[in-house]
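> A structural model of the following input is requested.
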Amino acid sequence: MAADPAIKVKVCDYLKSVKQAKNRQIAEKIGEDKKAVDGAIAELANEGIVEYIYVTTSFVVLKDEYHNNPDWHYTPA
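Numbering: from 1, shown residues only. Take a look at the predicted model:
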């Protein structure tokens with residue numbers, strides 16, 4: 001089942017405001033169910049928008065090309 005495009009937008013908007021975050025933290029901050037956020041993050045990773053980093057534990061980050069571009073905003077296909 002495809003992730004809700006609105007949740008994908010919320011995830012990207014939140015990740016633009018932080019350096020890195022865990023899935024659970026993202027879900028709490030954007031007010032969405034963690035399972036739905038997990039699905040959105042997985043799809044965003046497959047699209048090449050976010051990536052997982054490992055610093056003693058795993059975090060999700062926007063790729064630099066998106067995080068460092070103030071005009072970029074995720075638009076679902």
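> Confirm that Val61 lies within a strand, as I assumed.
Yes: checked against DSSP: H, G, I helix; E, B strand; the rest coil, Val61 lies within a strand.
> check contacts around it.
Listed by Cβ atoms under 8 Å, 6 or more residues apart in numbering, the contact set of Val61 reads 15, 19-21, 50-51, 53, 67. From N, CA and C alone the C-beta is placed, and that goes for glycine too.
> now these: which count as buried?
15, 21, 50, 67 (16 or more other Cβ atoms under 10 Å).
> Out of these, which sit inside strands?
With strands defined by DSSP state E, the entries of the buried ones among the contacts of Val61 inside them are Val50.
> mean confidence for the helix or strand containing Ala36?
Applying DSSP states H and E as the criterion places Ala36 in helix 34-46. Mean pLDDT, helix 34-46: 97.
> buried residues in it?
Neighbour count says helix 34-46 has 36-41, 43-44 buried, by 16+ other Cβ under 10 Å.
> can you redo those residues as TSV with distance to Ala6?
Compiled in TSV, those are given as follows (distance: Cβ to Cβ, whole Å):
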residue	distance to Ala6
Ala36	10
Val37	12
Asp38	15
Gly39	13
Ala40	9
Ile41	14
Glu43	13
Leu44	13
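> Find the nearest non-adjacent residue to the residue nearest the centre of the chain, please.
Per Cα atoms, centre = their mean, the C-alpha nearest to the average position across the chain is that of Val11, at 4.0 Å. Of all residues not flanking Val11 in the chain, Ala40 sits nearest, at 5.2 Å (Cβ to Cβ, 6 or more residues apart in numbering).
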